[in-house]
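**Student:** please work out how this folds:
(3 chains)
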Amino acid sequence: MSTTTSRANATEDGGAPEPRPASSPAARERRTRSTGWLFVLPFALAFGLFMVWPIVQGLWMSFTDESLTLNGTNFVGFDNYAEAFGDPDVWSSLGNTVFFTVITVVPLVVVALGMALLVHSGLAGQWVWRLAYFAPFLLPVTVVTLIWQWLYQPDLGMANQLLDTLGMEPIGWLSDEKFAMWSIAALTVWWTVGFNFLLYLAALQSIPDQLYEAAALDGAGAWRRLFSVTLPQLSRTTALVGMLQVLASLKVFDQIFILTKGGPNNSTRPILEYIYDVGFTGYRLGYASAISYLFFALIIIISIAQLRFFPRQEG
Amino acid sequence: MSATTTRPRLHPAGGPLDRRRRPKSAEPEGAPLLLGHGRLPKVLASGALITFAVLWLLPFVWAIATSFQQEQDVAKPGLNPIKGALTLEPYRVILERGNVPIWAFNSILVAVLVTAITIAISTLAAYGLSRGTFRGRKLLLALTVSSIMVPPQLLIVPLFQEMLAFNLVDTYWAVILPQVVAPMMVFILKRFFDGIPRELEEAARIDGASDLRVFWSIVLPLSRPIVAAVSVFVFIGAWNNFMWPYIVTNDPALMTLPVGLATVKDAYGVVYAQSMASALLAAAPLIIVFLFFQRRIVKSVATTGLGGT
Amino acid sequence: MGRRGFLRWGLAGAGALAAPGLLSGCASPASPSGASSLRVWDLFSGGDGLLMDEMIEAVSTGPDAFDVDRTILEWGASYYTKLAMAAAGGRAPEVAVLHLSRMAGYAPGGLIEPFDLDLLAEFGVEEEHFAPAIWERAQWEGEVFAIPLDTHPFIVFYDKEIAGEAGLLDSEGELAPIGSPEAMYAASEALAEAQGGSGVLFGHIADEAQCWRLFNGLYAQTGAVWELPDGGEPQVDEEAAVRVLTFMTEMFDGRRNPNNLDYIGAMAAFQGSRGAMIFAGEWELPNLRITDRPLGAAPFPQIFDQPAVNADSHSFVLPRQERVDQARRREAHRYVATMLKASYTWASAGHIPAYQPVIAEDRYAELDPQASYAGASEIAVLDPPNWFTGSGSNFQNQMTQPMSAALLGNTSPEAAVARMISASKSLLDQPNPVA
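**Tutor:** Coordinates of the predicted model:
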């Protein structure tokens, strides 16, 4: 962007630029080859430092007894992996993660779809509904947990006050092993359903009106149109939303960590928290890395399975 | 549901996300595409909408009501959250103590820097990946796309170790830097750039413009909507991020809102009116921004969330 | 911000990345206090938290005032994790509070640094000022890594009037010796009758330490030691452990005394006069004193062969710094010494000051009921030392869970002890990350 070039441009402004079809691609080629990598350089550096390197480093650490303290590190081969397979806490926390995923994915997809269909039906007050359903998604996790901690508070919280009004016994929403995970699931649905709701809303709007018109001409009523036009048209979105949701739910950590620290009696501890507990609370970074990699492998398997399971459709 | 045979009214394209969608006069017609013409479906749908909205707003209402109460009134039982005279006392205490404003400053600083850096390096990289012919382009692209699969949460241990090695633990940089790598955003932007016809750039090049110039004054202006969408998405993510900032900051002066609120306690123990006040103070900025830029935010979440489709 | 401004920002940010000076120079522009302030961490909230505030305020005035920047983190595993991570990161606070029972997880790994005893002596704090048992635990490889502020034993609180009616008080109005499990059962029945409710309260449901606190003291009373030698097998007197746990299950069997209370429930039952005695930590004194009951307290009674009480000690430590600032280190030593000398205030929360000159003061002897259990610090038993044990640790939780199940009748004392030993073994089997 030297000044001479600009000036040259300015003088040429009046006349049409001379077409140079023969030299242009070559010139572009040369220039791009010389500068294209400069464009990617900053990202590539960050990518290398904060993505590739930790992946490699984590893999290496998973074969060592690396510790948070200042002690030396030894190579331990597959010891960490062997320990992980025999560690009941790995299995129980993995079980908790899967359980959480199972009980959140379905409501997070179904409720989101229901909300989107209702809002899309065009009743008055669009922005109110959108705000009400989506606003919780904008809250930082700690705000969500502070609010729900108060709702679930055993003596004075809204949940137990409601039970009390109905003449029922109070429930230890977060302190009773039977309820804790469900309480967290309810909070999670409230918090994050707005995201899926928006994805569905966007998808609903992209359904061409002609499809409805054709269906109506065929004499299809509202119900029929829902099942023969809307839902089939949303199948690709549903597959995508479901897949994103499964992956998101498997990665649960924040709200559980803040609300119950995995308790009571580890009944809500997800695998990511176990990794944190092992690596930082227990200092064993090497072992924590090994568990991370096992979980990573599981995520990859699930992702591939999902891709297989939901064949790509032309949308 | 009455199986009506009436031909539905033709709709202008778009939906609730489209600002031009429906002239106000069309209101009484509703949206016959989904509902029938009868009265009952509309009543049922409205009922469901309202029920959901009440359920979803109830926690806010309860929290807001509590935040305007004296601590001793909060301790009274009852289903009506307003248990005593309204007061601003909890807010005064929170603001006076001063942690929340510091954390809010940190949150804004971190979210703005993460967004700015992410957008800068991602747009450049996406353009380079879209147009460049340098060696290793395909490899970098493949690495970037496949790293979308890597959950950042699984990198916390080696990343923390790396921050220890760089002596960056308990600095803003440790919070910010790992968050600027956003392969998904690079991918979305690259796909968008791929769709921009090259003729425009050709013309500028013929005029002697450098690649950076072409990118800056031709490509970026054309990409405003997608860049805005990605920015909003990245900003929300950085604003709400918890796990990594929690791990890498121990000094309360460096914590972001979500981390500080979850970590630092006060000498009095649990005080609900104050904790609701601080929660609402922390929630306010993004909710207010949302009220002003609703359409933009909704749109950007929808496009970015679905991978730029 | 327009698009241009936006990108300019981004480029400025990218430029900053390349400037290494900025990376480290930008550590904490938003720090609420000046660079000279002493950063201290603790885990005290509630009554303790307010008293600590009071003590810090007291040392923050006058000619030698400290400029203290206090941070309170939630007590428990998360506090200890944060402390370790901050120490590993090298920008930790100058002073932190640590339970003495946790020291084995911090000193050997270099996460905390030893005190300079000469410097402490200069400020008037020396070895002779501490109970030998506690001082012993503050050392590792011949150096002192922790300076105890208090001892906080697990004791009994009781209603003096009801205990008197039940005939359990001696001529001075203190709890008379008990001496055997049978005598304790009898005492609890007498208390229940005088109370017209429960005799002895103990909360353990969904708790992560209570059963261990009760067990650890009683097990030490049998003369046995729960040894966790590094790299070896746990050395446990199984017979003694079963004897102790059997006593616990007989005490809290749901008939003699309730076995289904949680921590808060037990506290509330005592506050609400539904029980005459409670097994609890002395730190609950402020909460128990809010009622009108005539509150008595005693070190945990001797039930088995010798006196012993479970306890821990809040201690000051010096977390590792990447670059030690000698002036601030010195200031940290002065702060610790000053706080110890001011720990009479701390005693009002129930804690027994570790700094013996404070206990020797006349005004301490007048503290009621604190003076009644001051002797507990000489028979204090802490967790077996290892990197994974101590207050707020996973070890205590793992020990507590089987015992809690035994108290509920879901498992036998023998099976519970077997589970405790196997849990100890698997914790010992883990590679030691601090060795």
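**Student:** going forward, measure contacts and count neighbours with C-alpha atoms only.
**Tutor:** Fine.
**Student:** list the helices and strands the helix of greatest length in chain B packs on?
**Tutor:** Assignment by DSSP state H gives helix B:99-131 as the longest helix of chain B. In terms of contact count using 3 or more CA pairs under 8 Å, 6 or more residues apart in numbering or on different chains; DSSP states H and E, helix B:99-131 is assigned the packing partners helix A:23-47, helix B:172-176, helix B:183-194, helix B:224-240, helix B:257-263, helix B:272-292, helix C:3-18.
**Student:** can I get these in CSV including mean neighbour count, distance to residue C:216 and mean pLDDT?
**Tutor:** Formatted as CSV, the helices and strands packed on helix B:99-131 follow (neighbours: other CA atoms under 10 Å in any protein chain shown; distance: least, CA to CA, whole Å; pLDDT from 0 to 100):
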stretch, mean neighbour count, distance to residue C:216, mean pLDDT
helix A:23-47, 18, 52, 72
helix B:172-176, 24, 42, 96
helix B:183-194, 22, 53, 94
helix B:224-240, 21, 43, 91
helix B:257-263, 25, 31, 92
helix B:272-292, 20, 36, 90
helix C:3-18, 15, 54, 38
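**Student:** can you give me the separation between the most centrally placed residue in chain A and residue A:108?
**Tutor:** Among the residues of chain A, the one closest to the centroid is residue A:248, at 3.5 Å (CA atoms, centre = their mean). For residue A:248, the distance to residue A:108 equals 11 Å [CA to CA, to the nearest Å].
**Student:** low-confidence stretches in the chain?
**Tutor:** Just so you know, I chose chain A. Low-confidence segments of chain A (pLDDT under 70): A:1-35, A:310-315.
**Student:** think we crossed wires, I meant chain B
**Tutor:** In chain B, residues with pLDDT under 70: B:1-38, B:267-270, B:306-309.
**Student:** kindly report the residues of it close to chain C.
**Tutor:** B:102, B:106, B:113, B:116-121, B:164, B:167-173, B:224, B:249-254, B:263-269 (CA under 8 Å from any CA of the partner chain).
**Student:** any of those residues buried? List them.
**Tutor:** Buried members of these, counted by 16 or more other CA atoms under 10 Å in any protein chain shown: B:102, B:106, B:113, B:116-121, B:164, B:167-173, B:249-254, B:263-267.
**Student:** domains of chain C?
**Tutor:** C:34-151+C:313-365, C:153-311+C:375-429 (automatic domain parsing).
**Student:** gap between the longest one and the chain center?
**Tutor:** Translated: domain C:153-311+C:375-429. Domain C:153-311+C:375-429 sits 15 Å away from the centroid of its parent chain (CA atoms, centre = their mean, to the nearest Å).
**Student:** run a quick neighbour tally on the one residue in the stretch 201-315 of chain A that gets nearest to chain B.
**Tutor:** Minimum separation of the stretch 201-315 of chain A from chain B (CA to the nearest CA) falls at residue A:221, amounting to 4.0 Å. Look at residue A:221: counted by other CA atoms under 10 Å in any protein chain shown, it has 22 neighbours.
**Student:** residue of the stretch 151-300 of chain A nearest chain C, please.
**Tutor:** In the stretch 151-300 of chain A, the residue that lies nearest chain C is residue A:281 (4.7 Å; CA to the nearest CA).
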